[in-house]
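# sequence plus the predicted model coming up.
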Amino acid sequence: MYRVCKAIHLGSPDKARKESTHPCLDMSRSLSWRSQTVVRQLLCYGALLLCLLQPAGSQAPVNGKMYVPLGSGVIIKCRAENLLEVKEMTWQRTQRDQTKNFLTYTPGTGPTFLTLFGRRTKFLRDGSIAIHDVTLSDEGVYKQVITTFSSMAKEYKIYLEVQVFPDIHVFSAPDPVVGGCLEKTVATCIAGAAKPPAAISWRTGDLPFVVEENVTRHKNGTVTIKSGLKMTPERKINGHKITCVILQDYGLSDVLTKRTITLQNIHFPPQMVSIEVFRNADGSLRILCESEANPPAEYTWKSGPTPYANEQKRVKSSSEKSQIFIPPASQSGLHLLLFD
């Protein structure tokens, strides 16, 4: 807005000097009346010129980034200090090297929404814009062009980047992993449809492992990372806890997510076999066998090449142990235990 500079002229040089409030108007009492009048005019014009040249509400352009989570709301601030001094304001958005005006504002007409996207925005009282339920299509460079009554047009840009947090899944191999000497995939961690892409790492304690990773880039700009954990399948890793660590960059900070599972699908034959023989008071024998296997072993007792008859062997089994009671008449000979 224009600032008005006023001078008082009351007809008498002496009275004018007394009622003048501008310190420069009393710079010389020895000047003639005509000279004082010229000085007053020059000072007034100079002050008016300074008022016209002073930029009202000006601010250095802010070029930076805003990070907004998908589905949230965001306010892009207006850079004008006083909306009353704005003659015209235009909001633009640049996507894929194409720039479109989506909103204009003038004091006389208020905000005018020029596009479908513009009608999605809300024009705030201070000139800022609000976008609700942000989508990936809202990403781009936003520019505000401000023209005030006292200055030329100024531009302010900011890049709006939409953050998409990954859809995380961690699971053991769907099919049983049979023990052996070769490394096999025992677990998988997926950080799906993230933006920016997430980084996946594994924590297995002191157990060795290798990682096999696949990257899928989607048309909407999101990225899916699939990480396979490969280990040598053996007894000691069954029941072991492993952790998938997902790290995603979020502006000036990071988002860290951890998911822990227990490996329970490692198949291995009976190991750590222990057999004990006990004699009961009635002279019968009790033979106890313990072993560790996954899945639990099935036990078959034999006397030589012939399996015990069901009514004779009286076998009691659990997932880790099996025992048989042998009467005195059947104790001689070779007794065998088979695992399946």
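Everything's here; your move.
# which residues touch residue 241?
For residue 241, the contacting residues are 205, 260, 261, 262, 263, by C-beta atoms under 8 Å, 6 or more residues apart in numbering. Bear in mind the C-beta positions are built from the backbone N, C-alpha and C, glycine included.
# between these, identify the one with the most neighbours.
The most neighbours of any of these, using other C-beta atoms under 10 Å, belong to residue 263, which has 21 neighbours.
# wait, isn't that residue in contact with residue 240?
Yes. Counting by C-beta atoms under 8 Å, residue 263 does reach residue 240; the two are 5.3 Å apart.
# now do the helices in the stretch 101-250 of the chain.
116-120 (DSSP state H, counting those that start in this stretch).
# for the stretch 201-340 of the chain, what spans make up the strands?
Remark: strands assigned in the stretch 201-340 of the chain by DSSP state E, counting those that start in this stretch are 210-217, 223-231, 241-250, 253-262, 266-279, 285-294, 299-303, 306-307, 316-317, 321-326, 335-339.
# on that earlier part again, now tabulate the contacts of residue 241 in CSV and tack on distance to residue 162 and pLDDT.
Converted to CSV, those look like this (distance: C-beta to C-beta, whole Å; pLDDT from 0 to 100):
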residue, distance to residue 162, pLDDT
205, 37, 95
260, 30, 97
261, 31, 97
262, 36, 97
263, 37, 95
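# show me where pLDDT drops low in this protein?
Across the chain, the ranges flagged by pLDDT under 70 are 1-63, 252, 303-321, 323-340.
# and residue 192, how close does it get to residue 186?
20 Å (C-beta to C-beta, to the nearest Å).
# more crowded one of those two?
Neighbours per residue, other C-beta under 10 Å: of residue 192 and residue 186, the larger number sits with residue 186, 23 against 17.
# roughly how far apart are the more buried one and residue 232?
9 Å.
# beta partners of residue 217?
Beta-bridge pairing for residue 217 (DSSP bridges): residue 223.
# ok, it touching residue 223?
Yes. Using C-beta under 8 Å, residue 217 is in contact with residue 223, at 5.3 Å.
# for those two, indicate the residue with more neighbours.
A count of neighbours by other C-beta under 10 Å puts residue 223 above the other of residue 217 and residue 223, at 18 against 10.
# now do the contacts for the more buried one.
With C-beta under 8 Å, 6+ apart, residue 223 has these contacts: 193, 194, 195, 196, 197, 198, 215, 216, 217.
# ok so, going back, between the contacts of residue 241, which is nearest residue 83?
Of all these, residue 83 sits closest to residue 260, with 53.2 Å by C-beta to C-beta.
# the nearest residue to the closest one once chain neighbours are set aside: how many residues sit nearby?
Using C-beta to C-beta, 6 or more residues apart in numbering and skipping residues adjacent in sequence, the residue nearest residue 260 is residue 243, 4.5 Å away. Neighbourhood size, residue 243 [other C-beta under 10 Å]: 15.
# roughly how far does residue 243 sit from residue 285?
Residue 243 sits 48 Å away from residue 285, taking C-beta to C-beta as the criterion.
# circling back to that earlier point, so for residue 91, which of the strands of the stretch 201-340 of the chain sits nearest?
It's strand 241-250; of the strands of the stretch 201-340 of the chain, that one is closest to residue 91 (C-beta to C-beta) at 26.0 Å.
# the closest one pairs with which strands, and in what direction?
Strand 241-250 sits in its sheet next to strand 199-203 (antiparallel), strand 253-262 (antiparallel), going by DSSP bridges.
# could I get the buried residue list for it?
242, 244, 245, 246, 248 (16 or more other C-beta atoms under 10 Å).
# list the beta-bridge partners for the first one.
By that I understand residue 242. residue 261.
# in contact with it, which residues?
Residue 242 sits next to 187, 202, 203, 204, 229, 260, 261, 262, 263 when contact means C-beta under 8 Å, 6+ apart.
# next, work out how far apart residue 168 and residue 224 are.
11 Å.
# ok, the residue nearest to residue 215 when sequence neighbours are not counted - contacts?
Closest residue to residue 215 apart from its sequence neighbours, by C-beta to C-beta, 6+ apart: residue 225 at 5.9 Å. Counting by C-beta under 8 Å, 6+ apart, residue 225 touches 166, 190, 191, 194, 197, 198, 199, 200, 213, 214, 215.
# correct me if wrong: the residue nearest to residue 260 contacts residue 202.
Yes. Using C-beta under 8 Å, residue 243 makes contact with residue 202 at a distance of 7.0 Å.
# need the overlap of contacts for those two.
By C-beta under 8 Å, 6+ apart, no residue touches both residue 243 and residue 202.
# how far does stretch 239-252 sit from its chain's centre?
Relative to its parent chain, stretch 239-252 has a centroid offset of 12 Å by C-alpha atoms, centre = their mean, to the nearest Å.
# should've said stretch 171-178
30 Å.
# okay, the strands of the stretch 201-340 of the chain in a markdown table with distance to residue 99 next?
Output for these, formatted as a markdown table (distance: least, C-beta to C-beta, whole Å):
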| stretch | distance to residue 99 |
| --- | --- |
| strand 210-217 | 26 |
| strand 223-231 | 27 |
| strand 241-250 | 28 |
| strand 253-262 | 31 |
| strand 266-279 | 58 |
| strand 285-294 | 63 |
| strand 299-303 | 78 |
| strand 306-307 | 86 |
| strand 316-317 | 77 |
| strand 321-326 | 77 |
| strand 335-339 | 75 |
